[in-house]
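J.: Need a 3D model of the sequence below.
(one chain, ligands or ions: 1)
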Amino acid sequence: MPAIAFVNGRFSRIEKAVVSVEDRGFQLGDGVYEVLRTYNGRLHAVDAHLRRLFRSLDAIELKHRFTRAGLTRIIREAVRRGGFKDSLVYLQITRGATKRMKEFPKGVPPTLVITVRELELPSPALRANGAKIMTAADIRWMHCDVKSICLLPNVLASNKARAAGCYEAVFVAKDGSLTECASANIFIVKKGVIATPPISASILGGITREEVIAVARKHRLPLQERRVTLKELLAADEAFLTGTTIEVLPVVQVDGRRIADGKPGPVTQRLHALYLAEVA
Ligand SMILES: Cc1ncc(COP(=O)(O)O)c(C=O)c1O
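T.: Numbering: from 1, shown residues only. Purely as a prediction, here's the structure:
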């Protein structure tokens, strides 16, 4: 089945979909995005994703007339047209297409792009064996809580990680604290206590991060939202990543150094099972 796209009111096959060469997303990275998925055809956490999208739009002062109900309708229709068993939904809104200028243009409507393709899950081997990750200096801007399409530092870090045979890159701030990964949030487990960096402008507030925290609290697993250092990660009993498509994914190596015995840990595996039970 072909992947499909929705661009400013029109559905088409993804290969047929186009935006202007003058789109401010293309020229300036002037836009925001969201990534959602379905479980058995049912859209997951659409309200939370759209709340975050509207916060991102507000943060970059992008004036628009979109509503959550309207966008939800279009996303549902896009998923229906895609017809995949499970879908990956990408949604992007930019400040529209116009002559290139840095300041906001007047009277230019935003560009809305939605694509739907078949969801690719982490391979069973990756899930069973856990992910190797590498560290990268966090050289990003000071509004990582905004889901901006300006992703060059994430692109460079991800590419470096993949070239080194790693699944992800974890960003480390100048003071040695972890922020998050190029496409995921990070958690550690030490002596049964789960810890993850707190919500701040240095990380994206992951929807899965919130869900996993809620699951841990519901099952009375001790969890702290606090500063977590690279040193702690290296000395942790377990570590894992969270994200929409990876759910809860064990981390077993950082920069070639094993985390504990180098195998996915029991708390991570339990949390993933509890998470699946919650979303199913
Ligand atoms: C930088 C970053 N952090 C965290 C996440 C995880 O967010 P979510 O759980 O909402 O998918 C993502 C997802 O793409 C991301 O790009």
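J.: Kindly report the residues of this structure close to the ligand.
T.: By the rule Cβ under 6 Å from any ligand atom, the part of the chain lying against the ligand is 35, 180, 183-185, 204, 206-209, 242-244. For every residue, glycine as well, the C-beta is placed using N, CA and C.
J.: I'd like these laid out as CSV, including pLDDT.
T.: What follows is the residues of the chain next to the ligand, written out as CSV (pLDDT from 0 to 100):
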residue, pLDDT
35, 98
180, 99
183, 98
184, 98
185, 99
204, 98
206, 98
207, 98
208, 98
209, 98
242, 99
243, 98
244, 98
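J.: Among those residues, give me the pair with the biggest separation.
T.: Farthest apart among the residues of the chain next to the ligand by Cβ to Cβ are 35 and 180. That separation is 14.7 Å.
J.: quick one: which of those two has more around it?
T.: residue 180 (26 against 16; other Cβ atoms under 10 Å).
J.: how would you label the more buried one: helix, strand or coil?
T.: Following DSSP: H, G, I helix; E, B strand; the rest coil, we place residue 180 in the strand state.
J.: Residue 274 too?
T.: Three-state call for residue 274 (three-state DSSP): helix.
J.: How many residues are close by the nearest residue to it once chain neighbours are set aside?
T.: Distance criterion Cβ to Cβ, 6 or more residues apart in numbering; nearest residue to residue 274, sequence neighbours excluded, is residue 215 at 4.9 Å. Residue 215: 22 surrounding residues under other Cβ under 10 Å.
J.: With residue 65 instead?
T.: Counted with other Cβ under 10 Å, residue 65 comes out at 7.
J.: For it, pull up the helix or strand it's in.
T.: Taking DSSP states H and E as the definition, residue 65 sits outside all helices and strands.
J.: Distance of it relative to the ligand?
T.: From residue 65 across to the ligand, the span is 25 Å (Cβ to the nearest ligand atom, to the nearest Å).
J.: pLDDT score assigned to that residue?
T.: The model reports residue 65 with a pLDDT of 97.
J.: any idea how far residue 74 is from it?
T.: Remark: distance between residue 65 and residue 74 (Cβ to Cβ, to the nearest Å) = 13 Å.
J.: With residue 150 instead?
T.: 24 Å.
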